[in-house]
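K.L.:
kindly return the folded structure for what I paste below:
(one chain, ligands or ions: 3)
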Amino acid sequence: LKGNLPKFGVEVEDEDAMSLMVSQINTWNFDLFKFAVISKDHPLVSMAYVILQSERNLLRSYNVDPPTFIKYMFVIEANYHKTNPYHNATHGADVMQSCHVLLGYSVVEQVFTDLEVFAALFASAIHDVDHPGLSNQFLSNTSNELAILYNDHAVLENHHLATAFKFLQEDELNWASGMDDKQRQLFRKMVIDLVLATDMSKHLSLLADIKTTVESSKVAHNGKLVLESYNERMLVLQGIVHSCDISSATKALPIYKAWTERIIEEFYQQGDRERDLGLNLSPMCDRQNPSIEKSQVGFIDFIVLPLWETLGELMFPYCQEMLSQLNENRMYYFSRIPESPRCSITDEPEERNNLISSSEKRKNLR
Ligand SMILES: COc1ccc(C2=NN(C3CCN(c4nc(N)nc5ccccc45)CC3)C(=O)[C@@H]3CC=CC[C@H]23)cc1OC
Ligand SMILES: [Mg+2]
Ligand SMILES: [Zn+2]
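P.N.:
Ligands and ions are numbered 1, 2, ... in the order given. A predicted model of the protein is given here:
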């Protein structure tokens with residue numbers, strides 16, 4: 001099945017522009033939005049082929065037939081919802097490319113086996129496939145069939161995994177047939193552990209476990225991380241994939257702002273449905289009471305910064321550029337948090353009185 005594959009896995013208009021972008025594939029501020037355009041809206045297929053085949057030669061290492069792998073990735077990409085503002089194939093490609101950069105740092109290079117690296121990159125690529133643009137909470141609150149199927153536990157993450165592995169069962173898509181059984185079993189186990197760790201409800205326990213590992217982890221004299229058990233290695237890989245999944249705020253400001261606009265629009269679309277259904281609106285989902293700047297500062301302070309600080313300790317001296325960009329981006333949104341209260345007078349009488357009382361207060365202070 002050795003059809004001559006296009007150089008980047010997909011046919012592109014402008015090979016030179018594509019080659020120039022691919023030469024930046026190991027940089028943290030890679031512009032995925034531009035890449036999506038140049039790859040003719042196949043960012044995930046081309047990203048997966050360039051990283052796994054051209055950059056890391058992992059397909060050959062595991063006897064993966066490239067044309068079969070490409071056909072599989074086209075199906076995965078087609079099962080990311082193009083209509084999702086945020087959880088679409090460009091996000092999948094973004095997490096995969098970010099993971100590729102972190103796994104390229106010498107402090108972790110040669111620490112993980114090829115199979116572990118392959119599992120982390122593949123998990124990144126498929127980790128949100130068939131995402132409906134709605135949260136686990138919403139699916140449970142509305143008794144969605146997925147929430148019934150997965151008993152309200154990691155509903156989306158279980159669905160992404162089942163979707164990706166179900167396609168692997170189809171003969172003409174089964175690129176893993178060249179792996180031996182032991183490798184295939186271990187690969188599957190690792191991908192499951194990695195995607196389940198992208199469930200935000202696991203964030204605090206994952207962060208606590210990584211902190212424990214950072215304290216105990218010895219860095220050998222050659223500056224490489226020393227990780228003893230499978231669990232320790234998986235923990236660090238889970239931390240890397242999860243960090244890449246919430247890495248937007250560590251990217252160059254224009255890229256970060258673009259991702260923020262997308263996630264907020266996706267949250268607002270969920271909020272519109274919650275409003276129509278008479279449900280309480282989830283945090284950050286009310287387009288009639290926007291709180292974009294505050295939400296970003298809160299997300300950075302409570303979630304993104306603690307995780308990236310810990311990763312920065314583990315991978316020191318790497319990840320420092322991410323931390324400084326994160327602080328710069330925090331200041332951008334912090335400095336734009338609007339004065340409260342907002343001009344829109346609320347329709348709640350008591351709140352209205354509060355507003356008036358607070359403005360009375362302000363007057364008395366003058
Ligand atoms: C670019 O900007 C974002 C990108 C992704 C997400 C994502 N957000 N989340 C959750 C995160 C925690 N949230 C908070 N809830 C509550 N009650 N309070 C909070 C207070 C302060 C901060 C967050 C929360 C709920 C949503 C996901 O679950 C997505 C799916 C998987 C990974 C991250 C995604 C958010 C972004 O900006 C806010
Ligand atoms: Mg997800
Ligand atoms: Zn994701």
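
K.L.:
of all the residues in the longest helix along the chain, which ones are buried?
P.N.:
Using DSSP state H, we find that the single longest helix of the chain is helix 253-276. Neighbour-count burial for helix 253-276 flags 255-257, 259-260, 262-264, 266-271, 274 (criterion: 16 or more other C-beta atoms under 10 Å). C-betas here are computed from N, CA, C, even on glycine.

K.L.:
measure how the following helix or strand past it sits relative to helix 253-276, angle-wise.
P.N.:
Downstream of helix 253-276, the next assigned helix or strand under DSSP states H and E is helix 292-299. Orientation check (axes from the mean of the first three to the mean of the last three C-alpha atoms, to 10 degrees): helix 292-299 against helix 253-276 gives 100 degrees.

K.L.:
mind giving me the packing neighbours of helix 292-299?
P.N.:
Packing partners of helix 292-299 (3 or more C-beta pairs under 8 Å, 6 or more residues apart in numbering; DSSP states H and E): helix 253-276, helix 320-334.

K.L.:
which of these sits closest to ligand 3?
P.N.:
helix 253-276 (9.9 Å; C-beta to the ion).

K.L.:
how about the residues of the stretch 51-200 of the chain by ligand 3?
P.N.:
Within reach of ligand 3 by C-beta under 5 Å from the ion, the stretch 51-200 of the chain has these residues: Asp128.

K.L.:
below-threshold pLDDT in the stretch 51-200 of the chain: ranges please.
P.N.:
Counting by pLDDT under 70, the stretch 51-200 of the chain contains no low-confidence range.

K.L.:
OK, contacts around the residue in it positioned nearest to ligand 1?
P.N.:
Nearest residue of the stretch 51-200 of the chain to ligand 1: Met200, at 3.6 Å (C-beta to the nearest ligand atom). By C-beta atoms under 8 Å, 6 or more residues apart in numbering, Met200 lies in contact with Ile303.

K.L.:
number of residues surrounding the residue in the stretch 201-350 of the chain that ligand 1 sits nearest to?
P.N.:
The nearest approach of the stretch 201-350 of the chain to ligand 1 comes at Gly298, 3.4 Å away (C-beta to the nearest ligand atom). Gly298 has 15 neighbours, counted by other C-beta atoms under 10 Å.

K.L.:
pLDDT wise, what is it at?
P.N.:
You'll see Gly298 listed with a pLDDT of 98.

K.L.:
from ligand 2, how far out is it?
P.N.:
Here the distance between Gly298 and ligand 2 works out to 19 Å (C-beta to the ion, to the nearest Å).

K.L.:
coming back round to it: residues in contact with the longest helix of the chain?
P.N.:
29, 31-33, 84-87, 94, 133-135, 138, 248-251, 280-282, 284-287, 290, 292, 295-296, 325, 328-329, 332.

K.L.:
pull it out as PDB, backbone CA atoms only.
P.N.:
Output of helix 253-276 as PDB, limited to C-alpha atoms (Å, rounded to 0.1, in the frame of the first residue of the first chain):
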ATOM      1  CA  LEU A 253      -0.500  37.200  23.100                       C
ATOM      2  CA  PRO A 254      -2.100  37.300  19.600                       C
ATOM      3  CA  ILE A 255      -2.400  33.500  19.600                       C
ATOM      4  CA  TYR A 256      -3.600  33.400  23.300                       C
ATOM      5  CA  LYS A 257      -6.300  36.100  22.500                       C
ATOM      6  CA  ALA A 258      -7.500  34.100  19.500                       C
ATOM      7  CA  TRP A 259      -7.900  30.900  21.600                       C
ATOM      8  CA  THR A 260      -9.700  33.000  24.400                       C
ATOM      9  CA  GLU A 261     -12.200  34.400  21.900                       C
ATOM     10  CA  ARG A 262     -12.900  30.900  20.700                       C
ATOM     11  CA  ILE A 263     -13.400  29.200  24.000                       C
ATOM     12  CA  ILE A 264     -15.600  32.100  25.300                       C
ATOM     13  CA  GLU A 265     -17.800  31.900  22.200                       C
ATOM     14  CA  GLU A 266     -18.100  28.100  22.700                       C
ATOM     15  CA  PHE A 267     -19.000  28.700  26.400                       C
ATOM     16  CA  TYR A 268     -21.600  31.400  25.400                       C
ATOM     17  CA  GLN A 269     -23.200  28.900  22.900                       C
ATOM     18  CA  GLN A 270     -23.500  26.400  25.800                       C
ATOM     19  CA  GLY A 271     -24.900  29.200  28.000                       C
ATOM     20  CA  ASP A 272     -27.500  30.000  25.300                       C
ATOM     21  CA  ARG A 273     -28.700  26.400  25.500                       C
ATOM     22  CA  GLU A 274     -28.700  26.400  29.300                       C
ATOM     23  CA  ARG A 275     -30.800  29.600  29.200                       C
ATOM     24  CA  ASP A 276     -33.300  28.100  26.700                       C
END
